[in-house]
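Undergrad: Next comes the sequence, and after it the predicted model I'd like to discuss.
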Amino acid sequence: MSHTFHIPVLGLGFTVDTPLKVGRYGISSVISIVDDMLIERMRKFYAKKHEEEYVAIDIKDEDHRAKRICDYLNMVNRKLNEQFEQLKSQLFTAESDLTRYFQLLPETSFLKIKYNQMLVEADQVEKDRIGAALRQEMNKGAIDVNIMAKIDKTNFRANGENTGEDNSDALAGLRGFAMSDLDSSIVLSAGMNPRLYGYLESFPDFFPDQTEKLKKKVILKVSDFRSAFIQAKFLAKKGIWVSEFRVESGLNCGGHAFATEGYLIGPILEEFKTKRQDMIVDIFAIYQNALLTKGITISNPPAMRITVQGGIGTVEENNFILDYYQVDGTGWGSPFLLVAEATNVDAETLENLTKSTAADFYISGSSPLGVPFNNYRLSSAEKQRVARIEKGRPGSPCKKKYLVSNTEFTALPICLASREYQNLKLKQLDTLGLAPDDYQTQYTKITEKLCLCEGLSAATYIKDGILNPKEEPAVAICPGPNLAYFSRAFSLDEMVKHIYGKINLLQGVTRSSFFVNELNLYVDYLKNDISNHLKTLDAKKIKQLEKFKEQLLIGIEYYKKLAGSITNQTEQYLNKFIQELQEIEVQLKMIAIQEYSEV
């Protein structure tokens, strides 16, 4: 990689075409392929923009989802290749994209070192030779794609007939990527889906070729070492290698927040650091044997990268993670929502984000998936949700149906954010004879669900001017809490320079360590979990809560010892770090879970 960071997937539409905005500068990014309707419209948008022929893939066409995804990814790949070749053909002038490519690189990059040598070279022949060599060694950013493994709706024809197991949403999405001409990775997130994982075996590109190269790779987004190891072994038995683990800080990230059982990012990374090589050896033995049964021999384990994302905010934090935990890269997500050159955020939402405070970002129960969701109080989708409740019509029209899951009232699954479900559920609630406070609690839980299928795509349609007249302009957005510290819109150059420490976009901002920020989120999560189960606390739940609390305390002790190894921060920073850990520790120890069960 040219850069030491990547831009993770952000919602459905925010990074749907980010490779075409940053890929030519060597920056890798991730496209969500959940929403094939959005993807098809973006293919049409770019065809019109470049005056190219566009042949629609209709929803009635056979295998339309996979074909839409495949054709869009091929278009993005083709256009990025064109951009990259055009960039490489430019001269090293002050204003050229070729010069910008090298200026954006980190100073430690081999290419940047060689570029700086070219700048000071006096002999023009030698200067030209170095320039030609640089052009040959440049790399464009990867066009990676993301599938939330558990979003795997079964699809039916108009007559109610099941279209087949291979045509579920996740499998069809994987097939679209597999059929494409991309040489990149698929990022599998949101837990393990054995059916999806098994389907990887159907495509030769995931197996090594005669030179032991993988054309298409698998990346797992994980939140702890144990689950990473289990999933990697499961795939290795099928002859599938995990080329990268993206370790994500549990609650301190954007989008859906997958809380661990109190395991904090520092101890998790420590475990990856100490067990990494043993894991590679164990997994490779399984992988090698599995390939032999398929007639494929391989002598050396492919590369296995470890990267970290979620809540990183400063160059000191970024470099400490890279150096101390010996990882291969970091992910910077939410801050790029403020970079209009890189992501799709409409003008109104962008303006609101720049004026927001920490209180505007919160972990909610808004997701129809039933997973904690990083929500934004000032989003137009959230305002619309509240307005619908006030009008006595809670819930959203359900058009795309990607998140349908509930069969409590209907034969076919419906979405918890839909008007249909909330109407039926509230009618049921009215019959239960609950006390007013209990009724309001249940009412809020039912109606807080937010339509994400429409909301997470709307900003893209608005920004590109392709929102249809009858479509909702309400924008849902899922920034991580780290965004609260960034207070204006930035250029791509500014954000990249901030990541590499050339400038400081948080100058004068009071901000705790990202370790402490995550820890605080987990303490709040624990308190809320206790509060939500006050009336149903049984022995099993008490045991789970006690273990959660114990892991947080273990994490605090780990961080106290870690402080001595943090050598790239000021004494003031370290004193504050220790003080905050001690304050949180006192707070945690005062939470007597057993006593709540006796109230």
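TA: Nice, thanks for sending it over.
Undergrad: Check which helices and strands the host helix or strand of N74 sits against.
TA: N74 is part of helix 64-88 when elements are defined by DSSP states H and E. Helices and strands touching helix 64-88, as assessed by 3 or more C-beta pairs under 8 Å, 6 or more residues apart in numbering; DSSP states H and E, comprise helix 19-22, helix 36-49, helix 97-104, strand 143-148, helix 169-179. In this view, the C-beta of every residue, glycine as well, is placed from N, C-alpha and C.
Undergrad: deepest of the ones you listed, which one?
TA: The densest packing among those, expressed as mean neighbour count by mean count of other C-beta atoms under 10 Å, is seen in strand 143-148 with a mean of 26.
Undergrad: If you count neighbours, what's buried in the helix holding N74?
TA: When neighbours are counted by 16 or more other C-beta atoms under 10 Å, the buried residues of helix 64-88 are found to be 64-77, 79-80, 83-84, 87-88.
Undergrad: can you give me the strands for this structure?
TA: According to DSSP state E, the chain carries its strands in the segments 5-7, 28-32, 143-148, 185-189, 217-222, 242-248, 305-309, 329-331, 361-364, 373-376.
Undergrad: got the angle between the second one and helix 64-88?
TA: Yep, that's strand 28-32 we're talking about. Using axes from the mean of the first three to the mean of the last three C-alpha atoms, to 10 degrees, the direction of strand 28-32 lies 160 degrees away from that of helix 64-88.
Undergrad: How about the longest one?
TA: An angle of 90 degrees separates the directions of strand 242-248 and helix 64-88 when computed by the same axes, to 10 degrees.
Undergrad: so V145 bridges to which residues?
TA: With DSSP bridges as the criterion, the beta-bridge partners of V145 are I31, I186.
Undergrad: Could I get the contacting residues of it?
TA: Contacts here follow C-beta atoms under 8 Å, 6 or more residues apart in numbering; on that basis V145 touches 30-33, 73, 177, 182, 184-187.
Undergrad: What's the separation between it and K238?
TA: Going from V145 to K238 by C-beta to C-beta, to the nearest Å gives 20 Å.
Undergrad: what about the closest residue to L269 other than its chain neighbours, neighbour count?
TA: In space, L269 comes closest to Y325 once its chain neighbours are excluded; the distance is 4.4 Å by C-beta to C-beta, 6 or more residues apart in numbering. Y325 sits with 18 neighbouring residues when counted by other C-beta atoms under 10 Å.
Undergrad: same check, this time on the one 4 residues further on
TA: The number of residues packed around G329, counting by other C-beta under 10 Å, is 20.
Undergrad: Settle this for me: it is touching S2, isn't it.
TA: No. With contact defined as C-beta atoms under 8 Å, G329 does not count as touching S2 (11.0 Å).
Undergrad: Run through the stretch 151-300 of the chain and note the low-pLDDT ranges.
TA: 158-159 (pLDDT under 70).
Undergrad: Would you map the helices across it?
TA: Counting by DSSP state H, counting those that start in this stretch, the segments of the stretch 151-300 of the chain that form helices are 169-179, 194-199, 225-236, 265-293.
Undergrad: Kindly compare burial across those and name the winner.
TA: helix 169-179 (a mean of 24).
Undergrad: so who does L111 touch?
TA: In this structure, L111 makes contact with 2, 102, 105, 134, 137-138, judged by C-beta under 8 Å, 6+ apart.
Undergrad: could you dump those to JSON lines with distance to T447?
TA: Written out in JSON lines, the entries for those read as follows (distance: C-beta to C-beta, whole Å):
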{"residue": "S2", "distance to T447": "47"}
{"residue": "F102", "distance to T447": "52"}
{"residue": "L105", "distance to T447": "49"}
{"residue": "L134", "distance to T447": "57"}
{"residue": "E137", "distance to T447": "56"}
{"residue": "M138", "distance to T447": "52"}
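Undergrad: Quick one, which of these are buried?
TA: Listed as buried from the contacts of L111 are 2, 102, 105, 134, 138; burial here means 16+ other C-beta under 10 Å.
Undergrad: Would you mind listing the residues in contact with the closest residue to the third one other than its chain neighbours?
TA: When the adjacent residues along the chain are set aside, L105 lies closest to K112, with 4.1 Å between them (C-beta to C-beta, 6+ apart). With contacts taken as C-beta under 8 Å, 6+ apart, K112 has the following neighbours: 102, 105-106.
Undergrad: L182 and N423: what is the separation?
TA: Look at L182 and N423: by C-beta to C-beta, they are 43 Å apart.
Undergrad: Compare the two (neighbour count), which wins?
TA: L182 (23 against 15).
Undergrad: Surely that one and I143 touch.
TA: Yes. The criterion here is C-beta under 8 Å, and L182 meets it with I143 at 5.7 Å.
Undergrad: joint contacts of these two?
TA: Common neighbours of L182 and I143, using C-beta under 8 Å, 6+ apart, are 73, 77.
Undergrad: lowest-pLDDT helix or strand in this protein?
TA: Considering only helices and strands, the least confidently modelled element of the chain by mean pLDDT, DSSP states H and E is helix 593-596, at a mean of 68.
Undergrad: Around V371, how many other residues sit close by?
TA: Burial of V371, expressed as a neighbour count using other C-beta under 10 Å, amounts to 17.
Undergrad: just the one 4 residues further on next, same as before
TA: As a burial measure, N375 scores 22 neighbours (other C-beta under 10 Å).
Undergrad: Ignoring the adjacent residues along the chain, who's closest to it?
TA: Taking C-beta to C-beta, 6+ apart, and ignoring the residues beside it in sequence, N375 has S364 as its nearest neighbour in space, at 4.0 Å.
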